[in-house]
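Q: Test case, fold it:
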Amino acid sequence: MTCRVGCPETMSQNTKSRGWIRSRRRGMEATPSRCLFLLFLFTCKLSADVAAKSQESSDGPSAPQEPVRLTGVPAAMEFIAAAEVAVIGFFQDLEIPAVPVFHGVVQKFQDVSFGISTDSEVLAHYNITENTISLFRLVDNEQLNLESEDIESIDDTRLSRFIEINSLHFVTEYNPVTVIGLFNSMVQIHLLLMMDKASPEYEESMHRYHKAAKLFQGKILFILVDSGVKENGKVISFFKLKKSELPALAIYRTLDEEWDTLNVAEVSIERVQNFCDGFLKGKRLSEKHDSEEKTQKVEL
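A: A predicted model of the protein is given here:
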């Protein structure tokens, strides 16, 4: 998959005017998703301030991180397989301006693994024929590439934004930046856990939720929506839920906009698995949105 890098202002204008995220895949143009959910989520402005907050969450006191030199195909494969999100600079020439830019963003993303390679066999293995920066992620087995025309004009802001948008983990925390990457993924089913991160049960619940996410790798994207964040109230209300009903799970399919919800006093692997399996088999627990669904579509 080849990704074009746009500035934050351009991306914001596109999402507000068209209500979907466009992506270019190798050899074809992906069909724009007319998702009511995405329209609803983007009632909040996607601004540079939001992106800055996302970066701040990645910053923190820790040992300096440097890109790992990958000198062979086995080393590269092992590196990618060990990281939920890995970013690799495949460079034929280490003297180009993109190389110091690549090194400069490494410290901003402590939950991303960075590698660098000039090995011709490694480049050939990943079908790299020119200077390229690639992001690999396990959750949907995607390889997203920034290629020559983007590399020539890359700067810190554009590379950081490419990583922020596309860094999807087994559990991705919702914000107006990560939602772009979520809806650009080929995985069309999203599971949202709506829960207050300040609650005493949060750590244990997330541990179980993360384990459950691995059971549905490539099938369902697992998302955390912090109900303690005021702006996230729009996501909660979209699924006809009240704060008093949280924590809760909501599952959503982008293709046909089908969704279902489940109140969970306790997040367990079994309950999450059963809920997901039921939805995949066409079973729905909640019917409360059916009577409102047509009205909502007309209003939006």
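Q: wouldn't F90 be in contact with L123 here?
A: Yes. Contact criterion Cβ atoms under 8 Å: F90 and L123 qualify, at 5.3 Å. C-betas here are computed from N, CA, C, even on glycine.
Q: Settle it for me: which of these two has more neighbours?
A: F90 (25 against 20; other Cβ atoms under 10 Å).
Q: Contact partners for the more buried one?
A: By Cβ atoms under 8 Å, 6 or more residues apart in numbering, F90 lies in contact with 117-118, 122-123, 126, 128, 131-134.
Q: And the strands in the stretch 201-300 of the chain?
A: For the stretch 201-300 of the chain, the strands defined by DSSP state E, counting those that start in this stretch occupy 221-226, 248-253, 259-263.
Q: got a markdown table for those, with distance to I163, mean pLDDT and mean neighbour count too?
A: As requested, these are exported to a markdown table (distance: least, Cβ to Cβ, whole Å; pLDDT from 0 to 100; neighbours: other Cβ atoms under 10 Å):
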| stretch | distance to I163 | mean pLDDT | mean neighbour count |
| --- | --- | --- | --- |
| strand 221-226 | 18 | 98 | 23 |
| strand 248-253 | 25 | 97 | 22 |
| strand 259-263 | 29 | 96 | 19 |
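Q: want to try CSV for these, with distance to R208 as columns?
A: As requested, these are exported to CSV (distance: least, Cβ to Cβ, whole Å):
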stretch, distance to R208
strand 221-226, 11
strand 248-253, 12
strand 259-263, 14
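Q: Return a ChimeraX selection command for the buried portion of the contacts of F90.
A: When burial is assessed using 16 or more other Cβ atoms under 10 Å, the buried subset of the contacts of F90 is captured in ChimeraX by this command:
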select :117,122,123,126,128,131,132,133,134
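Q: nearest to V272, of the strands of the stretch 201-300 of the chain?
A: strand 248-253 (6.8 Å; Cβ to Cβ).
Q: where does K283 land on pLDDT?
A: According to the prediction, K283 has pLDDT 86.
Q: Start the count at 440 instead of 1 going forward.
A: Happy to do that; since the first residue is 440 now, the last one works out to K722.
Q: State the number of residues packed around the residue nearest to A515 when sequence neighbours are not counted.
A: In space, A515 comes closest to L509 once its chain neighbours are excluded; the distance is 4.4 Å by Cβ to Cβ, 6 or more residues apart in numbering. L509 has 22 neighbouring residues, counting by other Cβ under 10 Å.
Q: Pull the contacting residues for L509.
A: Contacts of L509 (Cβ under 8 Å, 6+ apart): 515, 518, 527, 554-556, 558, 561.
Q: quick revisit: any chance of the contacts of F529 in TSV with distance to N702 and pLDDT as columns?
A: Output for these, formatted as TSV (distance: Cβ to Cβ, whole Å; pLDDT from 0 to 100):
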residue	distance to N702	pLDDT
S556	48	97
T557	53	97
V561	49	97
L562	50	96
Y565	44	96
I567	48	94
N570	51	94
T571	46	96
I572	43	97
S573	41	97
